[in-house]
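1. turn this into a model:
(4 chains)
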Number of protein chains: 2
Amino acid sequence: MARSVLAQQPHWKAFASRRRDPATKREAVLKTAAELFLEKSYGRTSLNDIAARLNITKPALYHYFHRKEEILLECYRWGTTLIEESLTEIASSSGTGLEKVAAFIYSYANVMTVNFGRCVMRLDEGDLSAQALEEVRNYKRKIDRRLRSFIQDGIRDGSVGPCDPKIAAFSIAGAVNWICMWYEPEGPLTGEEIASQFARTLTQGLARRRTEVSRRTAPPGPSAD
Amino acid sequence: MARSVLAQQPHWKAFASRRRDPATKREAVLKTAAELFLEKSYGRTSLNDIAARLNITKPALYHYFHRKEEILLECYRWGTTLIEESLTEIASSSGTGLEKVAAFIYSYANVMTVNFGRCVMRLDEGDLSAQALEEVRNYKRKIDRRLRSFIQDGIRDGSVGPCDPKIAAFSIAGAVNWICMWYEPEGPLTGEEIASQFARTLTQGLARRRTEVSRRTAPPGPSAD
DNA sequence: GATGTATCTTACCGCCGGGTAAGATTAGGC
DNA sequence: GCCTAATCTTACCCGGCGGTAAGATACATC
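-> The predicted structure is shown next:
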């Protein structure tokens, strides 16, 4: 049980010694940066803040990164890689469209409870340079396309009821993306719990059903056909 | 049809004359500020930016607001008021729980396509002072409670199928909140369209059904409970 | 144990942001 | 038409930030 609370040692210990180990130090910088970006946002996090938490000084950071923005971009990259990995795995698996959607939600929600994953959706893209922005946007588009194709697979094979794949994808993606806004590692719900609950709840709405819902559930106002 | 594109005159015209009309000028400041905050985020929007778009200079703004943060807070207040209004109306209406949920989603989604409404959910709370933050958080809590109570009403009266109200509310709120992240006024979808589509799609998932979904839709990994 | 090199620190620069002081300009009641 | 008060501008201050230069320190290799 007991989710690892302070189980893994703080990142600043990577800088306790001056031993030459750039890789793990770079990683330590990235992890504490991600922490701070999620706590205070990128804009309000100064390089001094990051350095202070690592028990070093600002210029030391420049041994591992060229610009502040590079740190941000690396956070994005780490996160998108996490997502990418689980997604290709799902896409190559066999199963109904609905099953793929469920798997997508499950693993995607899980990523949204990991710091680097949260960064991808929670941090402000406006802080990225033009070309970095394009890179990140490409990743996101790819994710969206994947989800939408899973839904369409489901419609084809009959596991998903008739619906507009675009709106459905927006709904699901929205619900899952929003996790990174309210989730906190020390909170009552673990990542696994959230992920499996969301996968169940959200696919219920998508699954094909034999009985129709009462027509009284139509929204008020002008019904868009 | 043709959604009002440049239909309403630009806000800076409020400052074209020096006529004494503080109320509408204050409003003009607020509206352009909201625009800019959504375009560039609060942090990257300088008071000079706001002033420039209004064809005035920075110190002039201090005739209408004391601090920069006050502008931000007023944007939040305007938005939460919009939400609050439609919510109390729904709560006092009669209907099944599911109908109330649908009405909630519809009007809430609509607000998420209005600049001030978008501000509430899209802007970074971290830019607010401690007490302003508490004020905004209270509003948000109230909204969440309302939605959750509608869902519970639905479970009681049988219009909503059995589910965890907390998770269901998180899903719905997430999906709808996320609208403010991808919606853009000049885009292909109008606010009404989005709102009614979301109300329909999301309530489908909630509605009580007579047949169960195939058990094969369970998520992979350790199934909670 | 000396040496060269990676690592880190102290000190600094330029810039831009929020905010203020003090004075010009215009509106509008009389 | 004048005078007062609201309105807006020009000029400025201070602080903090990203980033750099140059020198101190400790590691690792021989």
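2. could you pull out the helices for chain A?
-> Along chain A, the stretches classed as helices by DSSP state H are A:22-40, A:47-53, A:58-61, A:68-92, A:97-111, A:115-122, A:130-157, A:165-177, A:179-182, A:191-206.
3. quick check: buried residues in the third one?
-> So that's helix A:58-61. Neighbour-count burial for helix A:58-61 flags residue A:61 (criterion: 16 or more other Cβ atoms under 10 Å in any protein chain shown). C-beta: built from backbone N, CA, C; applies to glycine.
4. one more: the first one?
-> By neighbour count with 16+ other Cβ under 10 Å, helix A:22-40 contains the buried residues A:25-38.
5. go on, the second one?
-> Applying a neighbour-count criterion of 16+ other Cβ under 10 Å, one finds A:47, A:49-51, A:53 buried in helix A:47-53.
6. check which helices and strands the worst-scoring helix or strand of chain A on mean pLDDT is in contact with.
-> Least confident helix or strand, chain A: helix A:191-206 with a mean of 92, by mean pLDDT, DSSP states H and E. When contacts are defined as 3 or more Cβ pairs under 8 Å, 6 or more residues apart in numbering or on different chains; DSSP states H and E, helix A:191-206 sits against helix A:97-111, helix A:165-177, helix B:165-177, helix B:191-206.
7. pull that helix out as PDB, backbone CA atoms only.
-> C-alpha atoms of helix A:191-206 as PDB (Å, rounded to 0.1, in the frame of the first residue of the first chain):
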ATOM      1  CA  GLY A 191      -2.700   7.100 -10.200                       C
ATOM      2  CA  GLU A 192      -3.800   3.500 -10.800                       C
ATOM      3  CA  GLU A 193      -7.200   4.100  -9.100                       C
ATOM      4  CA  ILE A 194      -7.900   7.200 -11.100                       C
ATOM      5  CA  ALA A 195      -6.800   5.600 -14.400                       C
ATOM      6  CA  SER A 196      -8.900   2.500 -14.000                       C
ATOM      7  CA  GLN A 197     -12.000   4.400 -12.800                       C
ATOM      8  CA  PHE A 198     -11.800   6.800 -15.700                       C
ATOM      9  CA  ALA A 199     -11.300   4.000 -18.200                       C
ATOM     10  CA  ARG A 200     -14.400   2.300 -16.900                       C
ATOM     11  CA  THR A 201     -16.600   5.400 -16.600                       C
ATOM     12  CA  LEU A 202     -15.700   7.000 -19.900                       C
ATOM     13  CA  THR A 203     -16.000   3.900 -22.000                       C
ATOM     14  CA  GLN A 204     -19.400   3.300 -20.500                       C
ATOM     15  CA  GLY A 205     -20.600   6.400 -22.300                       C
ATOM     16  CA  LEU A 206     -19.100   5.200 -25.600                       C
END
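8. now do the same for residue A:88: its pLDDT.
-> pLDDT for residue A:88: 89.
9. kindly report the same for residue A:16.
-> Reported pLDDT for residue A:16: 81.
10. state the number of residues packed around the residue lying closest to it once chain neighbours are set aside.
-> Among residues not flanking residue A:16 along the chain, residue A:55 sits closest, at 7.7 Å (Cβ to Cβ, 6 or more residues apart in numbering or on different chains). If you count neighbours by other Cβ atoms under 10 Å in any protein chain shown, residue A:55 ends up with 14.
11. where does chain A get nearest to chain B, residue-wise?
-> residue A:205 (2.0 Å; Cβ to the nearest Cβ).
12. run a quick neighbour tally on the closest residue in space to that residue that isn't next to it in sequence.
-> Distance criterion Cβ to Cβ, 6+ apart; nearest residue to residue A:205, sequence neighbours excluded, is residue B:205 at 2.0 Å. Around residue B:205 there are 25 other residues, counting by other Cβ under 10 Å.
13. show me what contacts residue B:205?
-> When contacts are counted by Cβ atoms under 8 Å, 6 or more residues apart in numbering or on different chains, residue B:205 touches A:201-202, A:204-206, B:171.
14. residue numbers of chain A in contact with DNA strand D?
-> Proximity of chain A to DNA strand D is confined to A:17-20, A:45-48, A:58-59, A:62, A:66-69 under the rule Cβ under 7 Å from any atom of the strand.
15. just the buried ones from those residues?
-> Neighbour counting with 16+ other Cβ under 10 Å marks A:45, A:47, A:68 as buried within the residues of chain A next to DNA strand D.
16. for the last one, which non-adjacent residue is spatially closest?
-> Looking back up the chat, that one is residue A:68. Of all residues not flanking residue A:68 in the chain, residue A:47 sits nearest, at 5.9 Å (Cβ to Cβ, 6+ apart).
17. how about that neighbour, what does it touch?
-> Going by Cβ under 8 Å, 6+ apart, residue A:47 touches A:58, A:61, A:68.
18. surely the second one meets residue A:50?
-> Read it as residue A:61. Yes. Counting by Cβ atoms under 8 Å, residue A:50 is a contact partner of residue A:61 at 6.5 Å.
19. which residues are common contacts for those two?
-> A:29, A:71.
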